[in-house]
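Asker: model the following, please.
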Amino acid sequence: MWLLNHGQAEFAVLSLAKATELAPDNNDYRYDLAVALHSLNELEAAQRQLTQIVQNQPANRKARVLLIQYWKENGQLQNVQILLAELEQQNPDDPVLQQGL
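Answerer: Next comes the predicted model:
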């Protein structure tokens, strides 16, 4: 994330893509890759990374909430509703549900 935070998003994507390739089960790398991709306006690629995390770890709230935000930005409201419903099943008192993200 240092590269991303210092204006080097392209290099961040390259580094994180390689890290994800070498450690495909590391969802922290995958999450950071999604953030870096989003910073380059590669929304679909970012969404794919987050979708993979949510599939691997359905209870990963951080990835789920970010995916909801990205889908909302992209106008994929049906997908937003599905993820919000799943989040409500996991935690009916989740603050995201109260905010109406």
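
Asker: okay, now residue 57: neighbour count?
Answerer: A count of neighbours around residue 57, defined by other C-beta atoms under 10 Å, yields 14. The way it works is simple: take the backbone N, C-alpha and C, and place the C-beta from them, glycine included.

Asker: nearest spatial neighbour of it, skipping sequence neighbours?
Answerer: The shortest distance from residue 57 to any non-neighbouring residue, by C-beta to C-beta, 6 or more residues apart in numbering, is to residue 27 (6.1 Å).

Asker: could you do residue 39 as well?
Answerer: Nearest in space to residue 39, with sequence neighbours left out and distances taken as C-beta to C-beta, 6+ apart, is residue 9 at 4.7 Å.

Asker: all the helices of this protein, residue numbers only.
Answerer: Using DSSP state H, the helices of the chain run over 2-5, 9-22, 27-39, 43-56, 61-73, 77-90, 95-99.

Asker: what pLDDT, on average, does the third one get?
Answerer: Put plainly, it is helix 27-39. For helix 27-39, the mean pLDDT works out to 95.

Asker: pull the residues that contact that helix.
Answerer: Under the contact criterion C-beta atoms under 8 Å, 6 or more residues apart in numbering, helix 27-39 has outside partners 1, 3-4, 9, 12-13, 16-17, 19-20, 23, 43, 45-47, 49-50, 52-53, 56-57, 60, 62-63, 66, 70.

Asker: of those, just the buried ones, PyMOL syntax please.
Answerer: With 16 or more other C-beta atoms under 10 Å as the criterion, this PyMOL line picks the buried residues out of those:
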select buried, resi 3+4+9+12+13+16+17+19+20+43+45+46+47+49+50+52+53+60+63+66+70
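
Asker: the residue nearest to residue 57 and residue 36: what is the separation?
Answerer: For residue 27, the distance to residue 36 equals 15 Å [C-beta to C-beta, to the nearest Å].

Asker: tally up the residues packed near residue 88, please.
Answerer: Residue 88: 13 surrounding residues under other C-beta under 10 Å.

Asker: the one 3 residues further on too?
Answerer: By the criterion of other C-beta under 10 Å, residue 91 has 12 neighbours.
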